[in-house]
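Q: heads up, no residue letters with this:
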């Protein structure tokens, strides 16, 4: 991380300006990141960073973010209904302010948003007790989303660090965060995260429930679990991972695996099932859970407790047996008007990835798939953001709606600030690469704007349009720090004589007429080159010097 | 880079031991990297690092590496033939020591190696004047290979730096290096690189030819170019990129592109063609070039001078027009017994990647494809090792034989030591992920060994088996530096109570009988856990404490 990063956390992104698109009512203001280019154009980008990056808004971490959705929720409450889920409204044909918000955010018709939610192909996680969330949607017909995991552990880290990690993750583009805290102060950490999070927050309630039994899995009960869910629901958790598909009869299927059960929640429930030799209470009480989720509009994230933890275990019997149960539970949840997504692996070699998403989409009636990577090889600890970024891009292209990031510390340690940023940026790359491959409307505008800037040697525009402007600028300056180099018509890789972009521009300028181009741009470029050379700036050496 | 990295450059890799497999003659010794595990097993890995990582060999950069192949080349010279290419020998049915070497290296029959070379589906780049090379093979039916670009530029860097970068790149797994120097001392830099390189060295002779004309593309001639090729051939360059497919009539096809011509060689030749309004001398003199290549056994790398430089330009008319010409030239080169591979893009969105490799394989009679990435999006300068690592893994799965790495500095600056390492490791990940997806025999052994170590909490084995042991160890120690943590039965992510691997092992140990497992391993594990707990080491807290 550069010093610049440190300085700008929680303030506006250099080279970008916060903007808002106003909807059908004055309190419906959709944030965007606008990059104003030196050629007079502007590019509008999706913005997850919340009010913290708006210099006009004063934020105070001890007071939390403004409750953007409070009035919308109150209005609906006055209408009186106990199914307060976005799925219930969509099924009734209503377009909520939240749906309009995401429609503006994704540049899609509000009716389309409503219909995708009604069909269960998309979810809009929005607990009625988390009014601070800026509504966002997860579904394969929308932009691919990225989740960042934060959370302290019994071993290390503090509340302030976790809130800071959340702010940092959303600054770089995390669409949701999961608070996976397992240590002390689990309730308080979550409260701080929720009150300051502009994105939906997910949890795994089982972790806190296990804290309550002193870490003894076999002492878990439905009642302890239920009370934990209600506690978190009251705080405003938007979606919860529930490992209800780990059935007693599936546990033996994992015994001969290379890496057994690698999901924490999955292993806890497997231990419980075996200790009691009974079916999982998450499964037997699932309909009660649905009723709780329904009354807060909590979205299910049906956990894949039996996901493979190694290449050897990918797509095995245990994994797909559980997927069939998750499909059954998806139907049950939807019958209660509860929004539902389904989690996926894990460690999967490239040739076995597509089967995962195809099967999940078929069995689960196209409920949004939410995958962890997958990691495409086991051999690179310290680089698992990359082993998994490869799999993530591919599975998102093929239909995964949200990607759970993996940081460089995966398998090795707890991610710090740098790791969180690296994880988020890597996954934003995977998500955007998938948006391009899916032909998502408007996705390529961003690439085109950056490539135009690159070809025209507009270095500042190139930096400002980057996913990570700070690093792009710092890397450029590491080789050619001088200010004139930012306007030079070449870069440090090839030097002036060998610059293909420059030669290519010369071709266009000099041969524009011959090539049948009525090319004002080319003429302008030639003019600019001349000016630059005449200015006597010795950095510039034309090829035919 | 850690301090440890600095210290160990050019010495053995921590946790690994250099070994050799001896072939049918005593001077045929194939290097391997052996990782001895704490469970008594050993894993044997492909080793590109050369004699420098063998403590038994004293290397001196000023004297160069031992000329491993000198006697083999001399023996063949005594036989008397002017076609000294591996392709010519293979076509005559001969298995050269080089072929036997790669057969042992890749664990394939020597006859298979010979037949793949004879068919033109694989190349074994080995200039008769580069006897220091440890033979390696590039072909889709062998392990996917990785090239690292080094080379100074007019703007920055020194000879010593480039030699050090080459040593550093091969240490981390680069299978070939390309010296793309364009600045001063271009001949001397190359001499040092060649004499110290245990892997094949590639160049783009056009860069040096252009130096000779003072950077004036239009003053290039066939004679200047030819003399440059001979100069480099005499030094021992193993393969050369030749942009002979950039034909005069293709240049106008690039004029309306978003990013024109982004290949340096391509843009130089396009400028030449337009300046003279004549066909490229590389194309018109191609058969003469073949004769030179034939007499040294230089392998063609037919350059894709019109590759796309942005998502917008992928798979366009200019690109595929040139590919048809490269296919024609492949046939010409092979008719002269010259080994040939074909270069590919570039910037390509995921859904357009497969078409590239399918078309190249079809048109070029399965000649090895050698691609730069491709980058799957343009929006992430400073992370283009990742944008391209995604595309590289996919295209290698689908048949690309060698991947040219991209470093984090791509588009921004000249890579330093850290960037070279990051680029190589990222591409080794892509290559290995592809080997797995292609079902390459033996590829998964590495993943399995690492996953076994992970599941059994053999931390040191996990580190030593990593692509980058130094970083894996450093990342682990950053969270849990204490020595006992290296034998602890959990890690820093979840802490002892939540460790899924531990719970999973407990399940296997406690329920082994019930699950029908006659599981000695499980029993052993339970025993080990007990010992550890009894030892009073407070780091260890069993779940059911």
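A: Looks like it arrived, so ask away. Computed from a prediction, not measured in an experiment: that's the story for all the values here. Residues are numbered from 1 along each chain as shown, chains lettered A, B, ... in the order given.
Q: Show me where chain A dips below the pLDDT cut-off.
A: Low-confidence segments of chain A (pLDDT under 70): A:1-12, A:153-157, A:481-499, A:509-545.
Q: Show me the residue at the heart of it, geometrically.
A: residue A:146 (1.4 Å; CA atoms, centre = their mean).
Q: Show me what the helix or strand hosting it is packed up against.
A: According to DSSP states H and E, residue A:146 maps onto strand A:145-150. Contacting strand A:145-150 under the criterion 3 or more CB pairs under 8 Å, 6 or more residues apart in numbering or on different chains; DSSP states H and E are the following elements: helix A:159-171, strand A:176-179, strand A:402-404, helix A:417-437. The C-beta positions use only the backbone N, C-alpha and C, and glycine is treated the same way.
Q: mind listing what's buried in it?
A: With burial defined by 16 or more other CB atoms under 10 Å in any protein chain shown, the residues of strand A:145-150 counted as buried are A:145, A:146, A:147, A:148, A:149, A:150.
Q: What is the nearest of these to residue A:344?
A: Relative to residue A:344, the closest of the buried residues of strand A:145-150 is residue A:147; by CB to CB it sits at 12.6 Å.
Q: need the contact list for the closest one.
A: Contacts here follow CB atoms under 8 Å, 6 or more residues apart in numbering or on different chains; on that basis residue A:147 touches A:174, A:175, A:176, A:177, A:178, A:202, A:370, A:402, A:403, A:404, A:405.
Q: Separate out the buried members of these.
A: Counted by 16+ other CB under 10 Å, the contacts of residue A:147 give A:174, A:175, A:176, A:177, A:178, A:202, A:370, A:402, A:403, A:404, A:405 as buried.
Q: near chain B, from those residues?
A: Judged by CB under 8 Å from any CB of the partner chain, the overlap between the buried ones among the contacts of residue A:147 and the neighbourhood of chain B is nil.
Q: count of residues packed around the residue in the stretch 201-350 of chain A positioned nearest to chain B?
A: When distances are taken as CB to the nearest CB, the stretch 201-350 of chain A approaches chain B most closely through residue A:260, which lies 3.2 Å from it. Around residue A:260 there are 27 other residues, counting by other CB atoms under 10 Å in any protein chain shown.
Q: do the same with the one 5 residues further on
A: Here the neighbour count serves as a burial measure; for residue A:265 (other CB under 10 Å) it reads 25.
Q: To which secondary structure element type does it belong?
A: When states are read from DSSP: H, G, I helix; E, B strand; the rest coil, the local structure at residue A:265 comes out as helix.
Q: Could you count how many residues lie near the closest residue in space to it that isn't next to it in sequence?
A: When the adjacent residues along the chain are set aside, residue A:265 lies closest to residue A:243, with 4.0 Å between them (CB to CB, 6 or more residues apart in numbering or on different chains). Neighbour count for residue A:243, taken as other CB under 10 Å: 27.
Q: these two touch, right, residue A:243 and residue A:282?
A: Yes: Residue A:243 lies in contact with residue A:282 (CB atoms under 8 Å); the separation is 6.4 Å.
Q: how about the nearest residue to residue A:373, chain neighbours excluded?
A: Nearest residue to residue A:373 in three dimensions, chain neighbours excluded: residue A:388, at 3.1 Å (CB to CB, 6+ apart).
Q: so the one you found is in which element?
A: With DSSP H and E as the criterion, residue A:388 is inside helix A:384-397.
Q: now the closest residue to residue A:45 other than its chain neighbours, what's its secondary structure?
A: Once its chain neighbours are removed from consideration, residue A:45 has its nearest residue in residue A:33; the separation is 4.4 Å (CB to CB, 6+ apart). Assigned with three-state DSSP, residue A:33 falls in the strand class.
Q: Then the one 10 residues further on?
A: The three-state label for residue A:43, taken from three-state DSSP, comes out as strand.
Q: picking that back up, and the gap between the residue nearest to residue A:45 and residue B:458?
A: With the distance defined as CB to CB, to the nearest Å, residue A:33 ends up 46 Å from residue B:458.
Q: before we move on, what about residue A:451?
A: Relative to residue B:458, residue A:451 is positioned 47 Å away (CB to CB).
Q: neighbour-wise, which of those two wins?
A: Per other CB under 10 Å, whichever of residue A:451 and residue B:458 has more neighbours is residue A:451, with 26 against 19.
Q: Verify the stated contact: that one with residue B:379.
A: No: between residue A:451 and residue B:379 there is no contact under CB under 8 Å: 9.2 Å.
Q: wait, what's in contact with residue A:99?
A: If you count contacts by CB under 8 Å, 6+ apart, then residue A:99 has A:86, A:89, A:90, A:110, A:113, A:114, A:117, A:124, A:135 around it.
Q: Secondary structure element holding it?
A: Remark: residue A:99 resides in helix A:97-106, with elements defined by DSSP H and E.
Q: can you give me the helices in the stretch 301-450 of chain A?
A: Listed in chain order, the helices found in the stretch 301-450 of chain A under DSSP state H, counting those that start in this stretch are A:317-335, A:353-363, A:384-397, A:417-437, A:443-455.
Q: among those, which is the most enclosed?
A: For these, average neighbour numbers computed from mean count of other CB atoms under 10 Å in any protein chain shown are highest in helix A:384-397, which has a mean of 30.
Q: how many degrees apart are it and strand A:145-150 in direction?
A: Angle between the axes of helix A:384-397 and strand A:145-150 is 150 degrees (criterion: axes from the mean of the first three to the mean of the last three CA atoms, to 10 degrees).
Q: and helix A:384-397, what other elements does it pack with?
A: In terms of contacts (3+ CB pairs under 8 Å, 6+ apart), helix A:384-397 is packed against helix A:353-363, strand A:369-372, strand A:402-404, helix A:417-437, helix B:384-397, helix B:417-437.
Q: Give me the packing partners of the shortest one, helices and strands only.
A: So the one you mean is strand A:402-404. Using 3+ CB pairs under 8 Å, 6+ apart as the contact test, the elements touching strand A:402-404 are strand A:145-150, strand A:369-372, helix A:384-397, helix A:417-437.
Q: correct me, but residue A:267 touches residue A:309?
A: No: contact status for residue A:267 versus residue A:309: not in contact, 10.2 Å apart, counting by CB under 8 Å.
Q: doesn't residue A:306 make contact with residue A:318?
A: Yes: taking contact to mean CB under 8 Å, the distance of 4.6 Å between residue A:318 and residue A:306 places them in contact.
Q: what is in contact with the two at once?
A: The overlap between the contact sets of residue A:318 and residue A:306 (CB under 8 Å, 6+ apart) consists of A:250, A:253, A:254.
Q: Show the contacting residues for the last one.
A: Looking back up the chat, that one is residue A:254. Contacts were defined as CB under 8 Å, 6+ apart; by that measure residue A:254 touches A:260, A:261, A:270, A:306, A:318, B:504, B:507.
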